[in-house]
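Q: Quick one: sequence and predicted model below, then my questions.
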Amino acid sequence: MKRFTLRGLLFAFLAGVLFASGFWLGHAGPPIYSQASVTGETPADGSTDRAPEGQKTNAPITPIPSSSDSLIADMVQQTGPAVVRIETKVAQQTNRMQDPFFFGPFSFDFPQVQPSGAIGSGFFISEDGTILTNNHVIDGATEIKVYMNDKDKGLPAKVIGRDPELDLAVLKVTESGKYPYLALGDSDAIKVGNWVVAIGNPFGLDHTVTVGVLSAKGRPLTIEGKQFKNLLQTDASINPGNSGGPLLDLNGNVIGINTAINAQGQGLGFAVPINSVKEVLNDLLTNGKVSRPWLGVGVQDMNSQIADYFTLNVKTGAFVTQVVDGSPAAKAGLEPYDVIVGFDGQDVKDAQSLVDMIQKTKVGDSKKLLVNRKGEMITLTVTIGEKNYAQ
């Protein structure tokens, strides 16, 4: 009979464990892929051209074999170069400044312009230097500079397009070159509970990486008067300075743009879904803006209390609280205290249903409004206008 030494038995046991665990002469977990040619994701310009064979490209991620304990580290190593720090200068005018050459009761005051600035994050979406970030990061900026993690010198950038509605801005560096970029993923496909990674510059700390899970989808949130209806929620730590940075899946694809935090809670970060960005990205790249329909009224839900107070015989609809001067609503004849109960042949049940109906229209469309005015039903015709954001 063949004898086995203790060392031989131990070696055989460990080999069996490693083989069963999937680590024997191989790796655990899938490789990371993020090139359009591998994942099927589409570059920002929609092209599907591939580089000629043998020609080097700047696609951000190439297939990497990765063990489970280095999956995120390898992904971050590949995607990190495409994430940038954005610094802006904003001219702010103070109320007054006393002229140093005059003193006493007859001194003169002069306005003073003091420069201030902001720091945020962003990421390249094409090799020509096009960048996505948040609108609030560059809002009012007189100068924008972009810093890559391997360069000390900032790259000047200009604004290509803005969409305050989604808090979205598109920039482009003015220095020509080929830049690493990230693939845009599918925020509809990712599931609650999936791992996500945020990369950004919180408090100016370059390329900080935080990891968490997708906590929820479709979150409504109001930020500085702006209403978002479809945000992604994550418990990955997001802090001031992360704004505009990417929220990534484990394949290195962008599934959201980090936008906001809830300062009163922990583990409450929010991002704009990348599919919402895709819907308007071409408009921003070609027109510099997104044309959005506008009626020009302030409304709230109609209810029994309002009906009783104004002695109205209707208890559902959109109650008009304000009509903007010169707006499509004003030109159509809408007045404060009107109740909009129908829009283009559809029942208006509350304020949100009216907003949803307007958002589905196009600028220039002619629509019929069914209105209850002081108990009488009237029909008005309105031409949908274009929303104009204050710059």
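A: Alright, I've got the coordinates.

Q: Which parts of this protein are helices?
A: According to DSSP state H, the chain carries its helices in the segments 6-21, 36-39, 71-79, 135-138, 274-287, 304-309, 328-332, 351-359.

Q: looking at the ones you listed, which is buried most?
A: helix 135-138 (a mean of 22; mean count of other C-beta atoms under 10 Å). No exception for glycine: its C-beta is placed from N, CA and C like everyone else's.

Q: helices or strands up against that helix?
A: strand 83-98, strand 109-124, strand 155-163, strand 168-173 (3 or more C-beta pairs under 8 Å, 6 or more residues apart in numbering; DSSP states H and E).

Q: Could you list the paired strands of the shortest one along with their orientation?
A: Strand 168-173 sits in its sheet next to strand 130-133 (antiparallel), strand 155-163 (antiparallel), going by DSSP bridges.

Q: Now do it: distance to the chain's middle.
A: Distance, stretch centre to chain centre, for strand 168-173: 12 Å (C-alpha atoms, centre = their mean, to the nearest Å).

Q: So what touches it?
A: Contact with strand 168-173 is made by 86, 122, 128-135, 137-138, 144, 146, 155-163, 179, 244, 257, 272, 277, 280-281, 284-285, as judged by C-beta atoms under 8 Å, 6 or more residues apart in numbering.

Q: Please save the CA atoms from it in CSV.
A: The C-alpha coordinates for strand 168-173 follow below in CSV (Å, rounded to 0.1, in the frame of the first residue of the first chain):
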residue,chain,number,x,y,z
LEU,A,168,-26.7,69.1,-16.2
ALA,A,169,-23.9,70.8,-18.0
VAL,A,170,-21.6,69.8,-20.9
LEU,A,171,-18.1,71.2,-21.1
LYS,A,172,-15.3,70.8,-23.5
VAL,A,173,-11.6,71.4,-22.9
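
Q: Compute the inter-axis angle for it and helix 274-287.
A: Comparing the axes of strand 168-173 and helix 274-287 via axes from the mean of the first three to the mean of the last three C-alpha atoms, to 10 degrees yields an angle of 50 degrees.

Q: now the strands for the stretch 251-391 of the chain?
A: Listed from the start of the chain, the stretch 251-391 of the chain has strands (DSSP state E, counting those that start in this stretch) covering 254-261, 269-273, 293-294, 297-301, 318-323, 339-343, 346-347, 366-373, 376-383, 385-386.

Q: middle-most residue in this structure, spatially?
A: Nearest residue to the geometric centre of the chain (C-alpha atoms, centre = their mean): residue 272, 3.5 Å.

Q: burial count for the residue lying closest to it once chain neighbours are set aside?
A: In this structure, residue 272 finds its nearest non-sequential neighbour in residue 257, 4.7 Å apart by C-beta to C-beta, 6 or more residues apart in numbering. Neighbour count of residue 257, defined by other C-beta atoms under 10 Å: 27.

Q: Please name the bridge partners of residue 257.
A: Under the criterion used (DSSP bridges), residue 257 bridges to residue 246, residue 272.

Q: check contacts around it.
A: Per C-beta under 8 Å, 6+ apart, neighbours of residue 257: 132-134, 168, 244-247, 271-272, 274, 277.

Q: Please repeat the previous calculation with a cut-off of 10 Å.
A: By C-beta atoms under 10 Å, 6 or more residues apart in numbering, the residues touching residue 257 are 121-123, 132-134, 166-169, 232, 243-247, 271-274, 276-277.

Q: now swap in residue 151 and tell me
A: residue 84.

Q: Hmm, residue 252 is touching residue 81, no?
A: No - if you go by C-beta atoms under 10 Å, residue 252 and residue 81 don't touch, sitting 11.5 Å apart.

Q: Without its sequence neighbours, what residue ends up closest to residue 88?
A: residue 141 is the one closest to residue 88 (C-beta to C-beta, 6+ apart), at 3.8 Å.

Q: Any idea how many residues pack against that neighbour?
A: 20.

Q: Now render the strands of the stretch 251-391 of the chain as CSV, adding mean pLDDT and distance to residue 331.
A: Formatted as CSV, the strands of the stretch 251-391 of the chain follow (pLDDT from 0 to 100; distance: least, C-beta to C-beta, whole Å):
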stretch, mean pLDDT, distance to residue 331
strand 254-261, 88, 35
strand 269-273, 93, 33
strand 293-294, 94, 12
strand 297-301, 95, 12
strand 318-323, 96, 10
strand 339-343, 96, 15
strand 346-347, 95, 22
strand 366-373, 96, 12
strand 376-383, 96, 7
strand 385-386, 93, 9
